[in-house]
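**Q** I would like to see how this sequence folds:
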Amino acid sequence: MKHKGIAADASGYGFSPYADAAANARALQKAVAENKKITVTAPGTYNISGSIRLPSDTHLYFSPGVILRRMPLKDRLSEGNLFVNEGAFTGTFNENITIDGAHIEVNGVESAAIASEGPAENIRHTPNAVTGLRGHIAFLYVKHLHINNITINDLMSKDYGIQVSDFEDAVIENIHIEGMKDGVHFGPGRDFILRNGEFRTGDDAIALNCADYSVSNPNFGSISGGLIENCTELPGSESSLFIRILAGTAREWKKGMSIRHSDAVRTGNGMYRAVMRPDGREYISQTEPCFNETCMELDGIFWVKTHRGYPPESIPLEAGCSNITFRGLRLEQERKLAVLIYTNDDDYLHSLYPGSAIPGVKNIRFENISILRPVERFLSVETPAENITVPADI
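**A** Residues are numbered from 1 along each chain as shown. This next block holds a predicted model:
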């Protein structure tokens, strides 16, 4: 079944609208393991369960009329992302991956719901998920990524549509996302394009979250060099924001330091984040988190090791946002505030610590903005920033 340079249709592996969800997952996983270019051409609704892990140089093409309907597993702890790259679990970069034409029916399936509804430790023990990586299409440690022609109409309240973190050269084009959670959620990375997007979401349509809750971003760091172009917030959106930019800082670990949920600390061999309950409780860290396992409890603090694969000298303390252009935005939803640039301080995330360096937020440019419904305030900047440019008529 292996074809060098020639597309293989997944139907040859048994991927079919008539197969059950588990069989389709096995078939598509086998197809991507044996071929670089996979097509799904027969129209129909394909039930699929669990996750499909993508290696480097994988190119998936779904023809019009193909719908991927997520189906729940009996073991909900194995739900995971629908598509995720292999390196997300090992801390190694995958390169040259394409997903084109995927129409996803979420169908009530989402991995992050487990952590929100059950004990805090569940998120650290899901065998098929990385803490904070909660997109149905999700990439962590990726270079040269192209996501095109994506439709999702039924996001639930926990998982994002598309999530990309720790990336270089990511292009996302021609997407339509509706539902209750983030449409496109970026974590740290550089050089990206998000173009031709339509959103009707119940949380951020577009998030550039350099720092975020420990269960909402797998890693912590800066975002730079991006173009967000021709994106529309559709009427009927109930999102808290159209665009969110969230910056922050981490700290060097010190014996006796106070720790809250989502705090990030750097030690000699890595970075660790507290995954607790967002209840405002403070814990005293007496034991340095210095382990290579996924997670460990020390002094009553559940730590998750992040930034796998990073050399210790490159692990950041600052997570800022710079050199981003927003062009051709259309706001068709009435709202109080459209764009927020800030650092956070509440029970979910304490992102700027006293005495820490202010994260760099600079060179953010908005051009050709169309506001078609009343918006009380287009932009609020609630952290030190420089060179933020907004059209004079906004």
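
**Q** okay, which residue is most central for this structure?
**A** Gln163 (2.6 Å; C-alpha atoms, centre = their mean).

**Q** quick one: buried residues of the strand or helix carrying it?
**A** Assigned by DSSP states H and E, Gln163 belongs to strand 160-179. Using 16 or more other C-beta atoms under 10 Å as the test for burial, strand 160-179 gives 160-179. For glycine as for every other residue, the C-beta is placed from the backbone atoms N, C-alpha and C.

**Q** dump the residue contacts of Leu372.
**A** Arg330, Leu331, Glu332 (C-beta atoms under 8 Å, 6 or more residues apart in numbering).

**Q** okay but the second one is in contact with Cys231, surely?
**A** No - here Leu331 does not reach Cys231: they are 9.8 Å apart, not a contact under C-beta atoms under 8 Å.

**Q** Strands along the stretch 151-300 of the chain, start to end?
**A** 160-179, 184-186, 189-201, 206-209, 223-233, 243-249, 251-252, 257-259, 264-267, 270-274, 283-285, 295-298 (DSSP state E, counting those that start in this stretch).

**Q** now for these, which one comes closest to Gly14?
**A** strand 160-179 (27.4 Å; C-beta to C-beta).

**Q** Kindly state the beta-bridge partners for Gly248.
**A** Note on Gly248: beta-bridge partners by DSSP bridges are Ala319.

**Q** which residues does it contact?
**A** Contacts of Gly248 by C-beta under 8 Å, 6+ apart are Cys210, Ala211, Phe220, Ala264, Ala319, Thr343, Asn344, Leu349, Ser351, Leu352, Pro359.

**Q** so the first one sits right up against Leu349, yeah?
**A** To tie it back to what came earlier, the one meant is Cys210. No - using C-beta under 8 Å, Cys210 is not in contact with Leu349; the gap is 11.7 Å.

**Q** Contacts for stretch 89-97 next, please.
**A** By C-beta under 8 Å, 6+ apart, stretch 89-97 touches 53-59, 85-87, 130, 139, 141-146, 307-310.

**Q** Please flag which of these sit within strands.
**A** Using DSSP state E, the members of the contacts of stretch 89-97 that fall in strands are Arg53, Leu54, His59, Asn85, Phe139, Tyr141, Val142, Lys143, His144, Leu145, His146.

**Q** Make sure Gln29 is indeed in a helix.
**A** Yes - using DSSP: H, G, I helix; E, B strand; the rest coil, the secondary structure at Gln29 is a helix.

**Q** And Gly270, how close does it get to Thr131?
**A** To Thr131, Gly270 is 14 Å away according to C-beta to C-beta, to the nearest Å.

**Q** So between these two, which is more surrounded?
**A** A direct count of neighbours by other C-beta atoms under 10 Å for Gly270 and Thr131 places Thr131 higher, at 24 against 18.

**Q** List the backbone torsions phi and psi for Asp182.
**A** Dihedral angles of Asp182 (phi, psi; degrees, to the nearest 10) stand at phi -60, psi 140.

**Q** Can you list the low-confidence ranges for this protein?
**A** Along the chain, segments meeting pLDDT under 70 span 1-5, 77, 113-127.
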